[in-house]
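**Q** Quick one: sequence and predicted model below, then my questions.
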Amino acid sequence: MLIDESGEERARSPDESFSSRSFEVLPAVVPGNLEDYEKGCCEFNWASMYKEFGWSNGGSYNVAVECLDRHAQNWRKNKIALFSLTADGVTKKYTFREMSQLTSRFASGLMRLGAVKGDRIFVYLDRTSELYMAVLGIVKMGGIVGPLFSALGPEAVKDRALDCGAKYFVTSPYLYRRLEPILDDLVDVDKFIIVGDGSGLKERTVSFDAVMAQGDPRFQAVGLSPADPYIIHYTSGSTGKPKGVMLGQKALVQQWFTSKNVLDLREDDVYWCTADPGWVTGTSYGIFGPWSLGTSLVSFEGRFDPGKWYSILEELGVTVWYTAPTALRMLMRAGDEVVKEHDLSALRHVCSIGEPLNAEVVRWGNKVLGKRIHDTWFQTETGAIMICNYPCMAIKPGSMGKPIPGVQVGIVDEEGNEVEAGKEGFLAIRPGWPSMMLGIWRNTSRFKEYFNVPGWYISGDQAYRDEDGYFWFLGRADDVIKTSGERLGPFEVESALIEHPAVAEAGVIGKPDELRGEIVKAFITLRPGYRPTKELNDDITQFVKARLAYYAYPREIEFVEKLPKTRSGKIMRRVLKAMEQGQPLGDLSTLED
Ligand code: ATP
Ligand code: MG
């Protein structure tokens with residue numbers, strides 16, 4: 001039984017499912033690398049993808065070879081691998097041959113220092129060119145990279161370094177100084193390799209330049225097996241303590257496949273991924289996938305700034321841009337005028353990742369940018385894109401799209417039975433895709449929890465599939481709101497809220513309520529020019545009431561200056577919930593401020 005608006009019980013009508021809603025559709029455009037989605041799925045098998053990818057060393061694997069050395073040995077040797085834009089406006093350029101040699105130097109320099117295969121080596125740097133040299137250099141000598149976003153504080157770094165037993169750090173003088181309070185705790189660390197002027201720094205330091213000078217530019221990469229780990233990424237910490245996810249060499253095959261068929265990268269592309277390499281998108285799609293295709297990458301050291309970002313797109317002629325909903329919402333909030341000041345004609349399409357992409361943002365992209373925005377879904381644990389939109393497929397704004405060929409996604413109940421179209425369930429995947437995590441570092445029991453439902457990997461997200469096979473995100477399993485006997489995803493309410501002209505961003509949670517179990521509570525930031533008033537509150541409430549099911553409008557609205565977000569830009573609903581209920585806030589190591 002459900003409880004209706006007046007508090008009366010009522011029965012659920014038989015056709016009450018998500019797919020009874022109607023949505024506008026953006027038609028497919030000219031085919032991309034993937035010409036026909038259905039055909040692509042029918043003809044697909046991973047064995048032939050491994051073959052097509054063709055590891056160059058036959059039997060011996062190293063992703064650094066596939067990303068750099070193989071291009072350095074063919075006609076791409078003088079092609080730009082990296083446009084590295086510094087915070088103060090300098091653009092440094094590196095060819096594939098240069099990057100291949102620089103990373104060989106770093107790899108062999110590291111080995112001279114005493115590093116061996118399997119060592120965990122943390123890269124704690126701003127987004128400078130040395131970050132890319134370090135990451136690929138470590139992989140080249142068989143080390144396991146631990147990339148850390150440079151905004152993390154000392155305690156967050158300590159947690160991760162102790163969890164992993166990190167033996168080396170590649171960092172900068174100012175980040176090393178930030179770690180001073182915890183340096184004594186980092187007992188496993190042998191050396192801090194310092195990029196820049198490290199004079200005056202205390203113990204255990206060696207300069208990056210000295211390591212490079214000791215290295216050999218002709219060093220041959222260490223041969224590894226497909227299931228050897230190359231990276232440990234800590235998750236974003238949206239739902240709890242970050243987990244150390246290990247990805248294996250063979251993940252590159254899926255990163256390559258999706259860079260080609262989802263990002264739709266072509267030989268002449270200039271591609272910019274705004275995600276920091278401290279997060280999985282910033283390596284899988286900010287480094288490995290695109291470089292395996294020989295794509296020219298853009299990297300920007302500075303912070304988010306609408307005018308600056310549009311200028312980068314324009315000046316470098318970026319053709320494919322991979323970014324996050326939070327950035328797109330901020331650009332939307334900055335207004336349409338600033339878009340008109342820039343020539344974005346080189347840009348073919350935009351891709352989005354990390355959080356649900358509101359339909360309103362897709363419509364804005366279409367209307368104001370004049371570009372399609374392709375939502376993509378994946379997790380640190382999946383290592384590469386799993387569900388997404390493609391140039392050859394119509395977009396249903398607000399939907400994540402469809403699974404990539406070769407990946408089987410289901411919406412399942414607690415026993416693992418697939419539920420029918422339009423019904424909510426756990427977003428689950430049949431295990432065995434190439435980039436599936438190898439494990440959680442030193443936490444086998446946590447790893448096993450993902451596979452508690454027989455036959456499936458359980459992602460922790462709730463979603464539904466519509467009758468056309470499109471997947472729709474509802475929320476994290478923990479964030480689903482149970483109100484008046486109904487289950488409701490916060491994303492749906494947030495998306496309706498940001499369609500209101502006054503609303504910039506919204507975070508929605510369930511607040512305990514005696515009658516309804518939970519009520520919907522919204523935290524809202526306003527667009528410039530709007531003030532938080534009772535009238536605005538009522539107007540927003542009415543606005544959502546007119547759009548969503550009767551139980552889904554926010555009974556409580558709180559206007560806030562800022563929403564709590566992870567450093568990768570995700571709204572932390574668990575923090576909103578804990579604050580609302582006066583409970584402990586939990587692990588805040590990835591909180592933005
Ligand atoms: P933690 O696991 O530490 O709580 P996290 O899940 O945010 O943090 P990530 O692995 O970075 O860490 O993020 C994966 C999650 O991000 C997904 O499970 C999903 O909830 C969300 N996400 C990613 N892409 C999308 C998308 N396109 N639409 C909706 N949600 C998305
Ligand atoms: Mg997660």
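**A** Cool, got the structure. Ligands and ions are numbered 1, 2, ... in the order given.

**Q** bridging residues for residue 377?
**A** residue 387 (DSSP bridges).

**Q** Next up, the contacts around it.
**A** 353, 385-388, 400-401, 471, 473 (Cβ atoms under 8 Å, 6 or more residues apart in numbering). For the C-beta atoms, the positions are set from N, CA and C on the backbone; glycine is no exception.

**Q** Out of the residues you listed, grab the one that's most surrounded.
**A** residue 385 (28 neighbours; other Cβ atoms under 10 Å).

**Q** Helix, strand or coil: sort out the spatially closest residue to that residue that is not a sequence neighbour for me.
**A** Distances taken as Cβ to Cβ, 6 or more residues apart in numbering place residue 258 nearest to residue 385, at 4.3 Å, with adjacent residues excluded. Look at residue 258: counting by DSSP: H, G, I helix; E, B strand; the rest coil, its state is helix.

**Q** count of neighbours near residue 258?
**A** Residues near residue 258, counting by other Cβ under 10 Å, number 26.

**Q** Could you do the one 3 residues further on as well?
**A** Residue 261 sits with 22 neighbouring residues when counted by other Cβ under 10 Å.

**Q** pretty sure it contacts residue 390?
**A** Yes. Contact criterion Cβ atoms under 8 Å: residue 261 and residue 390 qualify, at 7.0 Å.

**Q** Tell me where the longest helix sits in the protein.
**A** helix 96-113 (DSSP state H).

**Q** for that helix, packing partners?
**A** Helix 96-113 sits against helix 70-72, strand 80-85, helix 129-140, helix 208-214, with contacts defined as 3 or more Cβ pairs under 8 Å, 6 or more residues apart in numbering; DSSP states H and E.

**Q** if we can go back for a sec, okay, the contacts of residue 377 in TSV with pLDDT next?
**A** Below are the contacts of residue 377 laid out as TSV (pLDDT from 0 to 100):
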residue	pLDDT
353	97
385	98
386	98
387	98
388	98
400	98
401	98
471	98
473	95
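
**Q** out of those, which one sits closest to ligand 1?
**A** residue 473 (3.9 Å; Cβ to the nearest ligand atom).

**Q** If I look at the residue nearest to residue 385, what pLDDT would I see?
**A** Note on residue 258: pLDDT of 98.

**Q** need the next SSE after the helix or strand where residue 326 lies, C-terminal direction.
**A** Using DSSP states H and E, residue 326 sits in helix 325-333. Later in the chain than helix 325-333, the nearest helix or strand by DSSP H and E is helix 337-340.

**Q** ok, now how distant is residue 411 from ligand 1?
**A** 14 Å (Cβ to the nearest ligand atom, to the nearest Å).

**Q** Centre of the chain to the helix or strand hosting that residue, how far?
**A** Using DSSP H and E, residue 411 sits in strand 409-412. How far strand 409-412 lies from its chain's middle: 21 Å, per Cα atoms, centre = their mean, to the nearest Å.

**Q** Quick one: list the elements packing against it.
**A** Counting by 3+ Cβ pairs under 8 Å, 6+ apart, strand 409-412 packs on strand 425-429, strand 457-465.

**Q** any idea of the pLDDT on the residue lying closest to residue 391 once chain neighbours are set aside?
**A** Nearest non-adjacent residue to residue 391, counting by Cβ to Cβ, 6+ apart: residue 32, 3.6 Å away. Looking at residue 32, its pLDDT stands at 90.

**Q** what do you get for residue 340?
**A** Looking at residue 340, its pLDDT stands at 93.

**Q** So it versus residue 332, what's the distance?
**A** Distance of residue 340 to residue 332, computed by Cβ to Cβ, to the nearest Å: 14 Å.

**Q** same deal with residue 569?
**A** From residue 569 to residue 332 the distance is 14 Å (Cβ to Cβ).

**Q** Measure how buried the spatially closest residue to residue 580 that is not a sequence neighbour is and give me the count.
**A** Excluding its sequence neighbours, the residue lying closest to residue 580 (Cβ to Cβ, 6+ apart) is residue 511, at 5.8 Å. Neighbour count of residue 511, defined by other Cβ under 10 Å: 18.

**Q** and residue 511, what are its bridge partners?
**A** The partner residues for residue 511, given DSSP bridges, come to residue 519.

**Q** In contact with residue 366, which residues?
**A** 26, 372-373.

**Q** ranking these by neighbours, who comes first?
**A** residue 373 (24 neighbours).

**Q** Quick check: the gap between that one and residue 279.
**A** Residue 373 is 20 Å from residue 279, by Cβ to Cβ.

**Q** Got the phi and psi for the closest residue to ligand 1 within the stretch 1-150 of the chain?
**A** Residue of the stretch 1-150 of the chain nearest ligand 1, by Cβ to the nearest ligand atom: residue 149 (11.3 Å). Residue 149 adopts backbone torsions of phi -60, psi 130, taken as degrees, to the nearest 10.

**Q** Now it: closest residue in space, sequence neighbours ignored.
**A** Leaving out its chain neighbours, residue 149 is closest to residue 278 (Cβ to Cβ, 6+ apart), at 2.9 Å.

**Q** The residue nearest to residue 385 and residue 387 touch, don't they?
**A** No. Counting by Cβ under 8 Å, residue 258 does not reach residue 387; the two are 10.8 Å apart.

**Q** Going by contacts, tell me the helices and strands next to the helix holding residue 326.
**A** Checking 3+ Cβ pairs under 8 Å, 6+ apart, helix 325-333 ends up next to helix 306-315, strand 349-352, helix 359-364, strand 503-513.
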